[in-house]
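# Okay, sequence plus prediction incoming.
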Amino acid sequence: MFSTDDTIVAIATPAGRGGIGVVRISGPAAAQVANTLLRLDAPLRPRYATFARTQGDQVVATSFPAPHSYTGDHVVEISGHGSPVVLRQIVEQAMALGARLAEPGEFTLRAFLNGRIDLVQAEAVADLIDAVTPLQARVAFDQLEGTLTGRIASIDTALFDLIARLEASLDFPDEGYHFVEAGETAVALGAIERAVHALLCDVKRGRLIREGARVAIAGRPNVGKSSLFNALVGSGRAIVTATPGTTRDLVSDTVDIDGLRLDLVDTAGVRATSDEVEIEGVSRARQAWATADLVLVVLDRSTPIEHADRELLRETDSAPRLIVAAKNDLPAAWETAAIDWPVSNVSSKTGVGLAGLRAAIRTALDGSDPAVARDTAAVTNVRHAALLDRARAALRRAIDAVEAPGGPVAEEFVLTDLEDARAALEEVTGKRASEDLLHHIFSRFCIGK
Ligand SMILES: Nc1nc2c(ncn2[C@@H]2O[C@H](COP(=O)(O)OP(=O)(O)OP(=O)(O)O)[C@@H](O)[C@H]2O)c(=O)[nH]1
Ligand SMILES: [Mg+2]
């Protein structure tokens, strides 16, 4: 089992030089270690920043007595000038005084083990730190604040209540409640299942916010793929020339569209060729489309539609895609009605149409307009989604048993399913969590968190 009775120490700020650097000490001996390590003019007062000296630095130390600290243990935070050398010295001195170097995520693990936060909130801490877009950060913050925790807790309470009533009827068969009261139980179960279902409805959008999406650009050579890529990324990342077959390798970069993080991939133009390098490029392009969440099929609006365009439209027919008519600043060589599919007109040269394309990408990926999508999704984590799915399946089985045409089934069977649903919910919040799972989750964290 994890130890929580020793005192741990680590640098809590990023590696390298900085304006300030913070060393965090947590555990029963934190105050004692700090008092020995620091030369203090006045003793540390709880939650007051106090000036002090270490052997090699001037610092400000703050003491957070248990349980009112990040970890729930006694914590002392020492802020020094952000020199890696000096911070390391402070850590070494703390270790010489009996503290142990903290494992990655161990401060947060202690917060979890001490009941300060549940597992959903601990995972939200990591997500908040890893957030790349403001929307990702907001969703993680919401979970840290306990939004999801609260929704799961109320489902769990309802489930617990139902289980207690069913168990009571089992314990007192003489009272005449030998079988489940089908109608009442079915109603209660239905409400619980709907609550789980509501959480799961947001999963796709939640995961999209958390993990982002991969968007690949496809088209025959010279239609303006790399120019579109550069316009969306906002840099001259990909090489653009008038020579068809310029792009060979995959070029990718990150784009933020209304808070959605996209991994945008530019690919080689597809055509039949005997050039070895280009053949490999085209094969990589096809792989990129196949693994993308969305394909932007680019056509050149200023040159007639070619056989290769039609082939490509057919090839990407079943993939989630948007058709983009590029070079819209030039005279059009075809009407958009010629394509049996909605078309976004853009000019990478002037930027006209790019905003509309961004909105179309967003809608294609999460099926909602940006204003609506700003509502935060509760479930963003695959682990949570899988467990909620398990809970829903168990509830479904219980409902089927209660509503079985041959009359209601004995309580024992329904109870087994309900306990299964509860176990899944408790694994989300960490009430039931194996040591392996905790290791897996907390090893993702940085040292000092
Ligand atoms: N007028 C105009 N020209 C464009 C536009 N986009 C691209 N071009 C020109 O079209 C030519 C090809 O552009 P690229 O972006 O390299 O095309 P590509 O599809 O990546 O080409 P390959 O990498 O060879 O497959 C270049 O000469 C660009 O300057 C546009 O919006 N307007
Ligand atoms: Mg290109």
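Everything's here; your move. Numbering: from 1, shown residues only. Ligands and ions are numbered 1, 2, ... in the order given.
# Would you point out which residue of the chain is nearest ligand 1?
As assessed by CB to the nearest ligand atom, ligand 1 sits closest to residue 269 within the chain, at 2.7 Å. Bear in mind the C-beta positions are built from the backbone N, C-alpha and C, glycine included.
# Can you report how many residues lie near that residue?
Residue 269 has 26 neighbours, counted by other CB atoms under 10 Å.
# Can you give me the distance of it to residue 281?
Remark: distance between residue 269 and residue 281 (CB to CB, to the nearest Å) = 8 Å.
# sec struct for the residue of the chain closest to ligand 1, please.
coil (DSSP: H, G, I helix; E, B strand; the rest coil).
# residues contacting it?
219-223, 225, 244-247, 282 (CB atoms under 8 Å, 6 or more residues apart in numbering).
# Can I take it that residue 24 is in a strand?
Yes: applying three-state DSSP, one finds residue 24 inside a strand.
# For it, which non-adjacent residue is spatially closest?
residue 12 (4.4 Å; CB to CB, 6 or more residues apart in numbering).
# how about the lengthiest helix in the chain: buried residues?
Across the chain, the helix with the greatest residue count (assigned by DSSP state H) is helix 147-171. The neighbour-count check on helix 147-171 (16 or more other CB atoms under 10 Å) flags 147-149, 151-152, 155-156, 159, 162-163, 165-166, 169 as buried.
# now swap in stretch 380-394 and tell me
380-381, 383-385, 387-388, 390-394.
# circling back to that earlier point, centre of the chain to the longest helix of the chain, how far?
Relative to its chain's centre, helix 147-171 lies at 28 Å (CA atoms, centre = their mean, to the nearest Å).
# Just the mean pLDDT for that helix, thanks.
For helix 147-171, the mean per-residue pLDDT is 89.
# What residues does this structure have near ligand 1?
219, 221-227, 240-242, 244-247, 269, 326-327, 329-330, 347-349 (CB under 6 Å from any ligand atom).
# Excluding sequence neighbours, find me the nearest residue to whatever residue of the stretch 51-200 of the chain ends up closest to ligand 2.
Of all residues in the stretch 51-200 of the chain, the one sitting closest to ligand 2 is residue 132 (25.8 Å; CB to the ion). Closest residue to residue 132 apart from its sequence neighbours, by CB to CB, 6+ apart: residue 261 at 5.2 Å.
# I'd say that neighbour and residue 131 touch.
No: Residue 261 lies out of contact with residue 131 (CB atoms under 8 Å); the separation is 9.2 Å.
# in which helix or strand would I find residue 109?
Taking DSSP states H and E as the criterion, residue 109 maps to helix 106-113.
# Please save the CA atoms from that helix in PDB.
The C-alpha coordinates for helix 106-113 follow below in PDB (Å, rounded to 0.1, in the frame of the first residue of the first chain):
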ATOM      1  CA  GLU A 106       2.500  11.900  -5.000                       C
ATOM      2  CA  PHE A 107       1.300  15.200  -3.400                       C
ATOM      3  CA  THR A 108      -2.000  14.800  -5.300                       C
ATOM      4  CA  LEU A 109      -2.100  11.100  -4.500                       C
ATOM      5  CA  ARG A 110      -1.900  12.100  -0.800                       C
ATOM      6  CA  ALA A 111      -4.700  14.600  -1.300                       C
ATOM      7  CA  PHE A 112      -6.800  11.700  -2.700                       C
ATOM      8  CA  LEU A 113      -5.800   9.200   0.000                       C
END
